[in-house]
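> model the structure of this input:
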Amino acid sequence: MLKKIDFYITCTVLQIDHLFNKEKTSIELPKELADLENKLNYLKMRNEKNERLAKESIEKKDELIIYLAHDIKTPLTSMIGYLSLLEEIEDMPKRKQRKYIKIALEKSYKLEELVNELFETARFNSEKIILEKEDVNLSLMLEQIIDDFYPTLKELNKEIHLEGKKNLSIFVDPLKMARVFNNLIKNAINYSNKTKDIWIEVKEENKQVTIKIINQGSEIPQEKLDRIFEKFYRLDASRNSKTGGSGLGLAIAKEIVLLHGGTIKAKSNKQETIFEVTLPLN
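Residues are numbered from 1 along each chain as shown. Reported below is the predicted structural model:
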């Protein structure tokens with residue numbers, strides 16, 4: 001009996017090595033240890049999956065840094081060019097001066113945005129999100145965020161319509177939750193059709209509140225919806241000037257919502273795309 005137990009132990013120890021090696025072979029134990037064999041193979045599979053996801057995350061982050069470095073260089077080169085012209089041409093007409101100054105200023109804003117993205121990338125990977133909760137008027141928060149987008153909305157000739165429950169109090173971290181809605185609204189603006197407005201609906205039900213951000217635009221394929229909240233995942237792989245981002249906004253939004261005990265999801269069809277946040281009430 002002892003020899004049989006020793007045999008089982010030896011087999012198990014030898015096979016456990018397979019948990020951490022790179023080989024794709026499965027762990028095999030005597031049929032009497034079938035349950036243990038299944039559990040070890042499950043652990044091996046989960047370990048391989050975690051390693052793959054970690055590798056993909058690093059690759060995405062490296063790719064993002066390359067993108068950001070290239071994107072930072074572009075507006076910087078343009079700024080230097082226009083400012084150099086302003087310095088070299090002493091008798092430049094006022095109208096042309098104003099034009100060049102305006103372009104240089106626009107490029108500086110773009111540069112600031114990209115630098116902030118770079119810091120956001122580093123901060124997301126090094127800091128743990130800590131909540132500082134307080135009672136917040138949800139409608140007032142959303143109205144203030146919408147006001148922050150006024151210059152962008154005016155330029156695009158769009159509006160954001162806020163409908164539903166008013167004067168609803170929620171117990172959240174106001175800065176973190178404002179960041180969630182800011183990211184979602186910005187995303188809705190970027191991906192909406194040129195002539196279509198944005199809608200925000202607030203509904204209270206079963207001791208929780210649901211906030212829907214709705215835009216009308218191109219349908220997001222299901223395979224992209226399944227990954228939309230992943231770190232560094234970008235809907236627009238080309239990173240054009242309108243929609244290109246770090247791929248962190250929605251990932252951060254999801255983490256903040258989950259920390260508040262809520263849920264966040266997205267759905268899309270040919271008519272509209274909806275991001276839905278559900279939060280518990282006090």
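
> rest of the way, CA atoms for contacts and neighbours
Will do.

> low-confidence bits of the stretch 1-150 of the chain, can you list those?
Low-confidence segments of the stretch 1-150 of the chain (pLDDT under 70): 1-25, 27-33, 56-57, 59-68, 70-71, 117, 120-127.

> make it 80
Low-confidence segments of the stretch 1-150 of the chain (pLDDT under 80): 1-74, 110, 113-129.

> please, where are all the helices along the stretch 101-250 of the chain?
Assignment of helices within the stretch 101-250 of the chain using DSSP state H, counting those that start in this stretch yields the ranges 138-148, 150-156, 174-190, 222-225, 249-259.

> and for the third one, what's in contact with it?
Outside of helix 174-190, the residues within contact range by C-alpha atoms under 8 Å, 6 or more residues apart in numbering are 131-134, 136, 141-142, 145, 198, 213-215, 242-243, 249-250, 252-254, 256-257, 275.

> and the helices of the stretch 101-250 of the chain as CSV, adding distance to residue 42?
Listed next are the helices of the stretch 101-250 of the chain as CSV, based on distance: least, C-alpha to C-alpha, whole Å:
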stretch, distance to residue 42
helix 138-148, 44
helix 150-156, 50
helix 174-190, 36
helix 222-225, 26
helix 249-259, 27
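
> mind checking which of those is nearest residue 90?
helix 150-156 (33.2 Å; C-alpha to C-alpha).

> who touches that closest one?
Helix 150-156 is contacted from outside by 159, 194, using C-alpha under 8 Å, 6+ apart.

> then stretch 157-173?
131-140, 143, 146, 153, 195-204, 260, 280-282.

> try stretch 201-216
If you take C-alpha under 8 Å, 6+ apart as the criterion, stretch 201-216 is touched by 162-165, 184-185, 188-189, 191-193, 196-200, 271-282.

> would you mark the buried spots in stretch 252-267?
252, 253, 254, 255, 256, 257, 260, 262, 263, 264, 266, 267 (16 or more other C-alpha atoms under 10 Å).

> if we take the residues you listed, which one ends up nearest to residue 229?
Nearest to residue 229 among the buried residues of stretch 252-267, counting by C-alpha to C-alpha, is residue 254 at 6.7 Å.

> would you confirm that that closest one contacts residue 229?
Yes - between residue 254 and residue 229 there is a contact under C-alpha atoms under 8 Å: 6.7 Å.

> compute the first-to-last residue distance for stretch 251-268.
The straight-line separation of the ends of stretch 251-268 (C-alpha to C-alpha, to the nearest Å) is 18 Å.

> and that stretch, average pLDDT?
Computed over stretch 251-268, the mean pLDDT rounds to 91.

> likewise for stretch 167-178?
In this model, stretch 167-178 carries a mean pLDDT of 91.

> ok, back up a step: the helices of the stretch 101-250 of the chain: which one's closest to residue 69?
helix 249-259 (18.8 Å).

> quick one: that closest one to helix 174-190, angle?
Helix 249-259 and helix 174-190 meet at an angle of 140 degrees, taking axes from the mean of the first three to the mean of the last three C-alpha atoms, to 10 degrees as the criterion.

> direction included, what does the next helix or strand after helix 249-259 pair up with?
For helix 249-259, the following helix or strand on the C-terminal side (DSSP states H and E) is strand 263-268. Strand pairing for strand 263-268, determined by DSSP bridges: strand 273-280 (antiparallel).

> now do the strand it pairs with, average pLDDT.
pLDDT averaged over strand 273-280 gives 94.

> for it, give me every contacting residue.
Everything outside strand 273-280 that qualifies as a contact, by C-alpha under 8 Å, 6+ apart, is 170, 184, 207-217, 219-220, 257, 260-268.

> packing partners for the top helix by length along the chain?
Longest helix in the chain, counting residues (DSSP state H): helix 34-88. Helix 34-88 is packed against helix 94-126, with contacts defined by 3 or more C-alpha pairs under 8 Å, 6 or more residues apart in numbering; DSSP states H and E.

> so what's the gap between the helix it packs on and the chain middle?
Per C-alpha atoms, centre = their mean, to the nearest Å, the displacement of helix 94-126 from the mean C-alpha position of its chain is 21 Å.

> hey, what's residue 264 bridged with?
Assigned bridge partners for residue 264, using DSSP bridges, are residue 277.

> coming back round to it: now the buried members of the contacts of stretch 157-173.
By neighbour count, with 16+ other C-alpha under 10 Å, the contacts of stretch 157-173 hold 136-139, 146, 153, 196-200, 202, 204, 260, 280-281 as buried.
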